[in-house]
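Visitor: Fold the following, please.
(chains A and B)
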Amino acid sequence: MSLPIFSFIFAMWILIIIGGGLMVVFVGPLSFSGYGDFDPLINSGAKVLIAMILIFIWVFALLKIKNWIFRKIANT
Amino acid sequence: MEQLIIPAIIAIVVAFFSVYGLTPFVIRALEKRNITVVDANKKEKTMVARPGGLSIIVGIESSLIILYVFFPISEILAVILTTFFAFIVGLIDDRKTMGGWFKPLALAFCAAPILLLGAYDSNLSFPLFGSVSIPLLYMALVVFMIPIMGNTINSIDVLNGVASGFTTIASFALSISLFILQNYEVGIICLCLSFASLAFYKYHKFPSKVFPGDSGAITFGAAYGAIAIVGGVEVIAAIAILPAIINSFLFLSSVKKIVEHREIKNPTSHTDDWKLKTTSENHAPITLVRLLIAKKPLSEKQIGIEIFKLAIFSGILAIITAFMMGVNF
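Guide: Next comes the predicted model:
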């Protein structure tokens, strides 16, 4: 009965693992230098920006999946 | 490991039996003072005592204080203080209906003990890929985690037994995950939450004798969020409560703003045999319950069982994730 919701949860889980992988592989090693005392601030700022973009993509993907599930429920 | 067993057993027993024993007294005291609300999903007008958060906070705090006497570590103290402050926020909201922004803002301040006691590790751990160090971003995560968890559990508190049953399942899954990751002390803290919520479920299950109210549901959520932070298992904790996160996500993506839950239109209505069906109201928000009854009306008990199935599924995914934490590419 709630198979589409189980699928939604599973899709969220996969997205979390992929998003985490992207964070570790790309965002983690990011390091800017040459700005003196501002280096930690710039590094954190860049990581925050990329993390926000990733979250936006994650939410966008979830919205698409949610719409697909709703259509599926409506059609059955 | 061996030296943890006796304190763990004592703390768990205190968590369970203090809630189990105290809740009937709280129910009687609330009923005596007419502090009750109508159970909206019953055919006959049924008044139910609310809020039962007092017994929940006594159970969690007393067990954690006992644990702190045995192991005076900052992680336990941080959970004790954060949970207590969150309970106060919930209690204020129970007594006086505050605006939609009150709870998130007030709960953000409840995270202060975690930050001030330094009871966190700024490395965010992910399955398979390892961890990432994000010192400043992590501090923001700590501040956001308590309001998000508190409100997420609070938003799923819509049917008899769901909030306490859901917290029981999620916190048991988180405890198992913490033991898999060999974080035993925080695993025991989480077990105290599991047993406190299990004891409350006895009175909250269908048909409810008491509702947790904002003070109870937020206490559950804040304790869960604080445990996730001090245990360094934020991702696993989020996975274990995915159905509740979906509920909040569906709600926010349909309402598109943060509002107090009492201000919104009910997304469900009743059939002649008093089952819940999705409302025809266009502006009512989309929620997990509405999704579950989209195909056909279900009784309150059936919906609760469906939500618990989803919670068990998420709990299993959380435990699988804990195993995956040990594997790095």
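
Visitor: Please name the bridge partners of the residue in the stretch 101-250 of chain B that chain A sits nearest to.
Guide: Minimum separation of the stretch 101-250 of chain B from chain A (Cβ to the nearest Cβ) falls at residue B:126, amounting to 2.9 Å. Bear in mind the C-beta positions are built from the backbone N, C-alpha and C, glycine included. Taking DSSP bridges as the rule, residue B:126 bridges to residue B:130.

Visitor: Show me which residues of chain A sit near chain B.
Guide: For chain A, the contact set with chain B under Cβ under 8 Å from any Cβ of the partner chain comprises A:1-2, A:5-6, A:8-10, A:12-13, A:16-17, A:20-21, A:23-25, A:27-28, A:40, A:44, A:47-48, A:51, A:59, A:62-63, A:66, A:69-70, A:73-74, A:76.

Visitor: nearest spatial neighbour of residue A:6, skipping sequence neighbours?
Guide: Of all residues not flanking residue A:6 in the chain, residue B:313 sits nearest, at 5.9 Å (Cβ to Cβ, 6 or more residues apart in numbering or on different chains).

Visitor: which of the residues of chain A next to chain B count as buried?
Guide: Listed as buried from these are A:2, A:5, A:8-9, A:12-13, A:16-17, A:20-21, A:23-24, A:27-28, A:44, A:47, A:51, A:62, A:66, A:69, A:73; burial here means 16 or more other Cβ atoms under 10 Å in any protein chain shown.

Visitor: mind listing which of the residues you listed are in helices?
Guide: Among those, the members found in helices (DSSP state H) are A:5, A:8-9, A:12-13, A:16-17, A:20-21, A:44, A:47, A:51, A:62, A:66, A:69, A:73.

Visitor: Would you point out the most distant pair within the residues you listed?
Guide: Farthest-apart pair in these is A:44 and A:73; separation 42.1 Å (Cβ to Cβ).

Visitor: Isn't the residue nearest to residue A:6 up against residue A:9?
Guide: Yes. Assessed by Cβ atoms under 8 Å, residue B:313 is found in contact with residue A:9 at 6.2 Å.

Visitor: what about the spatially closest residue to residue A:20 that is not a sequence neighbour, how many residues close to it?
Guide: Once flanking residues are discounted, residue A:20 sits nearest to residue B:126: 2.9 Å by Cβ to Cβ, 6+ apart. If you count neighbours by other Cβ atoms under 10 Å in any protein chain shown, residue B:126 ends up with 26.

Visitor: Residue B:126 contacts residue A:17, correct?
Guide: Yes. Residue B:126 lies in contact with residue A:17 (Cβ under 8 Å); the separation is 7.3 Å.

Visitor: Name the residues contacting each of those two.
Guide: Common neighbours of residue B:126 and residue A:17 (criterion: Cβ atoms under 8 Å, 6 or more residues apart in numbering or on different chains): none identified.

Visitor: Next secondary structure after the longest helix anywhere in chain B?
Guide: When chain B is scanned for its longest helix (criterion: DSSP H), the result is helix B:2-32. Later in the chain than helix B:2-32, the nearest helix or strand by DSSP states H and E is strand B:36-38.

Visitor: Touching, residue B:123 and residue B:141? I think so.
Guide: No. Counting by Cβ under 8 Å, residue B:123 does not reach residue B:141; the two are 11.5 Å apart.

Visitor: Common neighbours of these two, please.
Guide: Jointly contacting residue B:123 and residue B:141 under the rule Cβ under 8 Å, 6+ apart are residue B:134.

Visitor: Output the below-cut-off pLDDT ranges for the chain.
Guide: Using chain A here. Along chain A, the parts satisfying pLDDT under 70 run over A:1, A:73-76.

Visitor: looking at chain B here, not the other one
Guide: B:256-265, B:282, B:326-329.

Visitor: all strands for it, in order.
Guide: B:36-38, B:47-49, B:123-126, B:130-133, B:268-270, B:276-278 (DSSP state E).

Visitor: ok now do the residue in chain A positioned nearest to chain B, which residues does it touch?
Guide: Nearest residue of chain A to chain B, counting by Cβ to the nearest Cβ: residue A:20, 2.9 Å away. Counting by Cβ under 8 Å, 6+ apart, residue A:20 touches B:126, B:127, B:128, B:129, B:235.
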